[in-house]
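Peer 1: Can you look at this prediction? I've put the sequence above it.
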Amino acid sequence: MQAPELKDAYFSREQLQKLLEAALAQGAEYAEVYIESSRRTAFDLDAGAIKSATEAESLGVGVRAVVGNQVGYAHSADVSEAALLEVARAAALIASAGSPSTRALEIRPFTAPARYRAELEPSRVEAPAKAEVLRRADRAARAYDSRVATVLGAFIDVEQRVRIVTTDGRLVDDERTMGRLSVTAIAQDGSERRVGSWGGGGRAGLEQFGLRRPDEGTSRPEDIAREAARMAVAQLGARPAPAGEQTVILSPGSSGVLLHEAVGHGLEADFIRKGTSLFCDRVGQRVASELCTVVDDGTLFNLRGSLNVDDEGNPTGRTVLIENGILRGYLTDRLNAGLMKLPVTGNGRREGYQHAPLPRMTNTFLLAGKDDPAEMLRSVKKGLYCAAFGGGQVDISNGNFVFEVREGYLIEDGRITAPVKGATLIGVGPQVLEKITAVGADAKMDPGMYTCGKAGQSVPVGVGMPSVRIDGVTVGGTAV
Amino acid sequence: MNRADLELCREIVELAGRAGAAGADAMMGRGSDFDVTVRDGKVEEVSRATDATLGVRVFLEADGGRKLGFLTTSALPATKDEKERLVRRALGMAEASAANPWHGLPDAADTNLSTVPSPALDLFDPRVAELGPEWAQRVALQMEQAACAAEPRIHAFSAVGAGAGRGEVAYANTLGFSGQFEGTHVSAYCSAVTLSEGGRQSDGWSDARRHLADLMAPEDIAKKAAERVSRAIGARPGPTGRFPVIFEAPVAMSIIGHIAAGVNGDLVAKNATFLQEKRGQPIAPAFFQLVDDSTLPRAFGSVPFDGEGLATRVNPLVTDGVLQGFLYDAFTARRLGARPTGSARRGPSSLPGIGTGNIRLAPGERSLAQLVKDAGRGLLVTRMLGHGPDMVTGDYSRGAAGLWIEHGEIAHPVEEMTVAGNLLDMLRGISAVGADLLVRGGTACPSIMFGELAVSSRT
């Protein structure tokens, strides 16, 4: 079943124009219409079988009107002309004093760059073939080790189509296809249970999961499942994690969660404009060790956080946030860039038509350094090796952030030794980044498993990092 | 209420039955709400939403039991053709799943419970239904002004706003049950950031209710927010070690939330909860009383019937410190040989999952000030970062900020710390619960004091 088409019958050029005019009728300076149709299928693995198969479709429209720093937003899933005009009028009410704009609207189609390609569209694959992805994962996880007692999994594909029309005269269509497989394995040995979780996927078709040919794909179910099983089994016998300040080595890839929390959110322009972030007024200042160059890049091919255009219709880009330790810039959407006289970086994102866009990250990562990862490990006498991460969270006002170690080991005399139970690491963004004393040459992106939450909106993101040594971060263990 | 929604649900399940489903249910939800935030004495954002969604769940008889398929759409079917097509698509999804003996609507023996008539739950307040953005704007501006007046070091607000809305749910299944109810919600929130020599700090307060008369006065929300952010100014890391730790009520809620998540029968079936095999055993001190009540009038978590049409009820979770049992929907009840507990929770766009209604930890007799005094030297946690425990093992490690206690009194604010333990040990080690019961959403919880937790910091 195809995602509902964005039919011209519903949204002819004339109708869109009428909606924009209605949104401007009370004197707003800018308005946009965001039309989103999506279709999502989800399968759920439990006890070695597909427990449920779900299909969700939605079609809706959001209209935003802006005057100065004031925003009116309204949305509806009723896409009849009358309902949409009502929505546009509701958004327009944000402006009340002004008189309607009289300028003529000229809408021109804008062709977005292509940052992703879906070779095997999910809508061309029957549900039973999709369900097979989870069965393959289940078999691989169980075959990994006899102590793998439970395997749980979820497989989701989404086809989203958006049309964005603005009073700047831009009309953009974007088709976004993505998938994600996540697997959780529980290993049991006597009464001890340990959990391993892994996932992967990106903005591509189902070929990425090996659905075209089982031996191809960047996120093969067997690889993801084995990694979850390996993580669970490896942690059997885990000791209490140490408490207090430790030297830590972060493995490459998913440890990019650290950047996302430690600096990424605090550099989103809405927080800067409102004065709530600790990074306010710090462009040009040192906020990290000189080994750190942090970039947000939404243009990387097929990655989970990539976009052809953001949800305001602007092409995404590559934004250097921190260069050799110096803060260079912020992530902006149209509203905040305009109010702050900053360049538009193409980071205006939203979860769907129910929400107004906000400045958000895309793929955020630390550039490779020159250090040899093996040598970095050998250099640590006593510390913690963090092999895999769960999520994280940040308080952007004081910069306190946590990130959750899913798989960790003690480092003793330069070698990885015993597994330790998961623990939260905590620190203050710039202080922790200042203590980075080595950056590996092994830069790597996460496998495509993270979703970022802000103001009640979830969007897919990517993170990345090479191996990193931090000389002092607080580990929230129980071994005091 | 929209009578046509109930008719649509009935018609859909009837069509599903005729198309060969061994059982089906349909849920239709619709709602509208608005929210207004302000900044610097002016409206910042006004948002308005109108939504309607239909969810259709079907079961197919197959070798080994039944298969489950689910379809949800915001493109509501109008014609008979469209309705039949939806049903066919849901059946098509069921074809792709595997049969098991546990799928299906509740057993007939569990369905003859009468549902609480929804007017008795008093979930709908006509006064809230009549509110508009002008009301929210007034309330938000009041809060902004009151907070600034109470704490001059407030530099900015992360969010000051208010909103309200209404929603209704219609449900029908092939067992012959159908029902409909409506509710209102109204909320106000104020989250402030101070700027002083030591940098920025943030905290806030909020309230959300079904009835306008129950909503905390805007000035009080603002004052509470100002008070909380004031006391965080100058925070620094405290010591590392094992200390008595008090979770103030707003963060203590997360602890009873973990218990509510841990009694989920689905996790029990998957061997994936830290409370596995703990039924009938003491998991907390004898004074610990935790109840899940979905029948409480005016409460956020109350519903007249659950996501599968069963009557909701009061489920004691922990009585005198002893774990009473787990929560089940029809699926997990069959899988584990239990009876459903009226705990299936869902919206129209999702399959039923097991959840709680209103969870309430019975308050103790000591005030928070008394608990602080009793702690002697330790940590009062007022804010947390991170997502909570490993649900399978109960291993717990989270970021914490709050107030350091010396000689039974608040000494100074702290930040950049963690508290850690294992939930099973932590629960057994609870030394007191406060008298300061706080109600927020579907949770009512006082402060909780742990005899000793691992506290970690860089000093």
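Peer 2: That came in fine, so what should we check first? As the structure is a computational prediction, the values presented were derived from the model and not from experiment.
Peer 1: how near is A:Phe271 to A:Ala479?
Peer 2: 36 Å (CB to CB, to the nearest Å). Heads up, the C-betas are built off the backbone N, CA and C, glycines and all.
Peer 1: quick one, phi/psi of whichever residue of the stretch 51-200 of chain B sits closest to chain A?
Peer 2: At 3.2 Å from chain A, B:Ala96 is the closest residue in the stretch 51-200 of chain B, using CB to the nearest CB. Backbone torsions for B:Ala96, taken as degrees, to the nearest 10, come to phi -80, psi -10.
Peer 1: residue contacts, it?
Peer 2: B:Ala96 is in contact with A:43, A:50, A:53, A:126-128, A:130-131, B:69, counting by CB atoms under 8 Å, 6 or more residues apart in numbering or on different chains.
Peer 1: Filter the residues you listed down to the buried ones and express that as a ChimeraX selection.
Peer 2: Buried residues among the contacts of B:Ala96 (16 or more other CB atoms under 10 Å in any protein chain shown), as a ChimeraX selection:
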select /A:43,50,53,127,130,131 /B:69
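Peer 1: Does stretch A:31-51 reach chain B?
Peer 2: Yes: contact between stretch A:31-51 and chain B, assessed by CB under 8 Å from any CB of the partner chain, occurs at A:41, A:43, A:46-47, A:49-51.
Peer 1: Of the residues you listed, which one scores lowest on pLDDT?
Peer 2: For those, the model is least confident at A:Ala47; its pLDDT is 90.
Peer 1: number of nearby residues for it?
Peer 2: 15 (other CB atoms under 10 Å in any protein chain shown).
Peer 1: Could you pull up the contacting residues of it?
Peer 2: B:100, B:269-270.
Peer 1: Which of the residues of stretch A:31-51 next to chain B sits closest to B:Arg458?
Peer 2: A:Asp46 (42.1 Å; CB to CB).
Peer 1: Measure how buried the closest one is and give me the count.
Peer 2: Residues near A:Asp46, counting by other CB under 10 Å: 22.
Peer 1: Return the set of residues that bridge with it.
Peer 2: Beta bridges link A:Asp46 to A:Ala49 when assigned by DSSP bridges.
Peer 1: Now secondary structure too, for the contacts of B:Ala96, in JSON lines please.
Peer 2: Formatted as JSON lines, the contacts of B:Ala96 follow (DSSP: H, G, I helix; E, B strand; the rest coil):
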{"residue": "A:Phe43", "secondary structure": "strand"}
{"residue": "A:Ile50", "secondary structure": "strand"}
{"residue": "A:Ala53", "secondary structure": "strand"}
{"residue": "A:Glu126", "secondary structure": "coil"}
{"residue": "A:Ala127", "secondary structure": "helix"}
{"residue": "A:Pro128", "secondary structure": "helix"}
{"residue": "A:Lys130", "secondary structure": "helix"}
{"residue": "A:Ala131", "secondary structure": "helix"}
{"residue": "B:Gly69", "secondary structure": "strand"}
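Peer 1: Reformat the contacts of B:Ala96 as CSV; add distance to A:Gln354.
Peer 2: Supplementary listing: those in CSV, determined by distance: CB to CB, whole Å:
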residue, distance to A:Gln354
A:Phe43, 25
A:Ile50, 30
A:Ala53, 25
A:Glu126, 30
A:Ala127, 27
A:Pro128, 32
A:Lys130, 26
A:Ala131, 29
B:Gly69, 26
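Peer 1: Who has more neighbours out of A:Phe271 and A:Ala479?
Peer 2: Under the criterion of other CB under 10 Å, the comparison of A:Phe271 against A:Ala479 puts A:Phe271 first, with 26 against 16.
Peer 1: for the more buried one, helix, strand, or coil?
Peer 2: A:Phe271 - assigned by three-state DSSP - is helix.
Peer 1: Reduced to three states, what does the spatially closest residue to it that is not a sequence neighbour come out as?
Peer 2: Excluding its sequence neighbours, the residue lying closest to A:Phe271 (CB to CB, 6 or more residues apart in numbering or on different chains) is A:Ser277, at 3.9 Å. Following three-state DSSP, we place A:Ser277 in the coil state.
Peer 1: okay, now A:Ser277: neighbour count?
Peer 2: The tally of other residues near A:Ser277 (other CB under 10 Å) stands at 27.
Peer 1: In this structure it contacts A:Ala269, no?
Peer 2: No: between A:Ser277 and A:Ala269 there is no contact under CB atoms under 8 Å: 9.3 Å.
Peer 1: hmm, the helix or strand harbouring A:Val133 in reach of chain B?
Peer 2: According to DSSP states H and E, A:Val133 maps onto helix A:127-144. Yes: using CB under 8 Å from any CB, helix A:127-144 comes into contact with chain B via A:127-128, A:130-131.
Peer 1: Quick check: the farthest pair among those residues?
Peer 2: A:Pro128 and A:Lys130 (7.3 Å).
Peer 1: Report how many residues lie close to residue 370.
Peer 2: Chain wasn't specified; assuming chain A. Close neighbours of A:Lys370, defined as other CB under 10 Å, add up to 10.
Peer 1: not quite, I wanted chain B
Peer 2: B:Gln370: 16 surrounding residues under other CB under 10 Å.
Peer 1: Ok, A:Gly217 next?
Peer 2: Look at A:Gly217: counted by other CB under 10 Å, it has 21 neighbours.
Peer 1: so what's it closest to, chain neighbours aside?
Peer 2: Closest to A:Gly217 by CB to CB, 6+ apart is A:Gly210, at 3.8 Å.
Peer 1: give the contact list for that neighbour.
Peer 2: A:Gly210 neighbours (CB under 8 Å, 6+ apart): A:133, A:136, A:216-217, A:220-221.
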